[in-house]
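Student: Let me see the structure of the following:
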Amino acid sequence: MNPHLHDLTLRPISGPDELYLFNHLPYVLNAQIAGDLAAGRRRPEWLWLALRGERVVARAGWWSRPGDRHPLLMDVFDLAGEADADDAVRLLEAALRDVVPAGTTPPEYLRFLPSDWRDRPDTRQVVEDRMGALERAGAKLFVERLRLEWRPGTPIAEPGGRLAFRPVRDPEELIGLMTLVLDGTLDAHSREELTRTPPGQAARDQYHDELERYDSPRDWWRVATLPDGEPAGFVLPAHNGYSSVIAYIGVVPAHRGHGYIDDLLAEGTRLLAAQDVPYIRAATDLGNGPMAAAFARAGYVTIEHQIDMTWRAAR
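Tutor: Numbering: from 1, shown residues only. This next block holds a predicted model:
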């Protein structure tokens with residue numbers, strides 16, 4: 001038995017007045033947490049601490065969309081530099097029992113990391129310690145992603161004339177195109193979803209669970225058409241509540257191999273840039289070489305990596 005176990009306090013914060021305690025451990029999301037609480041994207045009972053006396057040794061936090069009953073993501077998990085990994089595991093186990101409904105699989109964990117995290121021994125050790133604690137609690141690495149950014153002043157390719165662009169007509173048109181795009185997708189989350197769900201239902205679920213929840217104008221969304229009017233693909237510029245983003249982009253299988261992804265990405269970037277935004281964000285899997293190359297050609301730079309971990313079973 002750990003002789004110090006009785007010294008460990010595991011609990012959520014009591015309210016916004018304890019945010020200073022939760023934010024004692026540094027992370028890029030700290031600056032957003034107060035606003036998220038006010039907007040209903042987080043709740044005090046979803047922000048957990050492991051304390052030894054007054055000292056924070058670990059923390060864990062969850063996020064949702066406003067109005068959701070249960071968290072959608074776990075996006076905060078930190079250990080103090082001198083923390084015992086056992087304390088972090090105990091925190092995870094206690095918090096998950098309280099936060100996640102019984103009989104359900106915990107929501108995915110994600111973490112933003114420096115793009116060179118593997119090349120920096122100190123950073124790599126911290127990442128591996130954190131992932132090790134998560135693995136002991138039942139999580140496993142699912143995918144690593146690139147987080148990308150376009151900045152004002154970066155050139156945008158002029159329209160080439162090969163494609164015409166128009167707004168999406170209605171949700172059914174978009175869901176139909178999304179269904180086609182899932183054929184041959186290299187996106188890890190989509191590929192995993194397709195092992196459990198037919199393409200049409202997977203597209204419909206993504207539309208309702210994610211895309212229709214964006215508050216930005218739907219008339220930003222564009223379908224690309226060939227001269228005869230046939231759709232070749234689509235791009236969905238949006239604002240996710242934090243940043244302007246390329247929310248989804250795809251070329252239908254019948255028209256891949258012609259470089260249309262570059263036209264689509266330029267159109268989406270042009271539309272958002274016209275809103276005078278400070279930057280545009282996007283993301284793609286580290287293993288999705290063609291999409292990463294398209295973003296690079298369009299002037300998007302890698303600002304971070306993102307680790308996604310999933311849980312092996314319902315709790």
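
Student: Tell me the secondary structure at the most centrally placed residue in the chain.
Tutor: Nearest residue to the geometric centre of the chain (C-alpha atoms, centre = their mean): residue 110, 6.9 Å. What DSSP: H, G, I helix; E, B strand; the rest coil gives for residue 110 is strand.

Student: Any idea what the closest residue to it other than its chain neighbours is bridged to?
Tutor: Using C-beta to C-beta, 6 or more residues apart in numbering and skipping the chain neighbours, the partner closest in space to residue 110 is residue 308 (5.0 Å). Where C-beta positions appear, they are placed from N, C-alpha and C, glycine not excepted. Applying DSSP bridges to residue 308 gives these bridge partners: residue 110, residue 143.

Student: so where do the strands sit in the chain?
Tutor: For the chain, the strands defined by DSSP state E cover 8-12, 47-52, 55-63, 73-79, 109-113, 139-150, 164-167, 222-225, 231-239, 244-251, 280-285, 301-311.

Student: about what we covered before: list the contacts of the residue nearest to the centre of the chain.
Tutor: Residue 110 sits next to 73-75, 306-309 when contact means C-beta atoms under 8 Å, 6 or more residues apart in numbering.

Student: now do 6 Å
Tutor: Residue 110 sits next to 75, 306, 308 when contact means C-beta atoms under 6 Å, 6 or more residues apart in numbering.

Student: Could you do residue 25 as well?
Tutor: With contact set as C-beta under 6 Å, 6+ apart, residue 25 has these partners: 59, 78.

Student: In terms of pLDDT, where does it sit?
Tutor: pLDDT, residue 25: 96.

Student: do you know how far it is from residue 34?
Tutor: 16 Å (C-beta to C-beta, to the nearest Å).

Student: follow-up on the earlier one: compare the strands of the chain and give me the one nearest residue 196.
Tutor: When these are compared by C-beta to C-beta, strand 301-311 sits nearest residue 196, at 12.9 Å.

Student: picking up where we left off before, could the strands of the chain go into JSON lines alongside distance to residue 128 and mean pLDDT?
Tutor: As requested, these are exported to JSON lines (distance: least, C-beta to C-beta, whole Å; pLDDT from 0 to 100):
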{"stretch": "strand 8-12", "distance to residue 128": "23", "mean pLDDT": "97"}
{"stretch": "strand 47-52", "distance to residue 128": "19", "mean pLDDT": "97"}
{"stretch": "strand 55-63", "distance to residue 128": "16", "mean pLDDT": "97"}
{"stretch": "strand 73-79", "distance to residue 128": "11", "mean pLDDT": "97"}
{"stretch": "strand 109-113", "distance to residue 128": "11", "mean pLDDT": "98"}
{"stretch": "strand 139-150", "distance to residue 128": "11", "mean pLDDT": "98"}
{"stretch": "strand 164-167", "distance to residue 128": "45", "mean pLDDT": "98"}
{"stretch": "strand 222-225", "distance to residue 128": "42", "mean pLDDT": "98"}
{"stretch": "strand 231-239", "distance to residue 128": "34", "mean pLDDT": "98"}
{"stretch": "strand 244-251", "distance to residue 128": "30", "mean pLDDT": "98"}
{"stretch": "strand 280-285", "distance to residue 128": "21", "mean pLDDT": "98"}
{"stretch": "strand 301-311", "distance to residue 128": "11", "mean pLDDT": "98"}
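
Student: Of all these, which one is nearest residue 201?
Tutor: Residue 201 sits nearest to strand 244-251 of all the strands of the chain, at 16.9 Å, using C-beta to C-beta.

Student: Give me the angle between that closest one and strand 231-239.
Tutor: Angle of strand 244-251 versus strand 231-239, following axes from the mean of the first three to the mean of the last three C-alpha atoms, to 10 degrees, is 170 degrees.

Student: Show me what strand 244-251 is packed against.
Tutor: Judged by 3 or more C-beta pairs under 6 Å, 6 or more residues apart in numbering; DSSP states H and E, strand 244-251 is in contact with strand 231-239, helix 260-273, strand 280-285.
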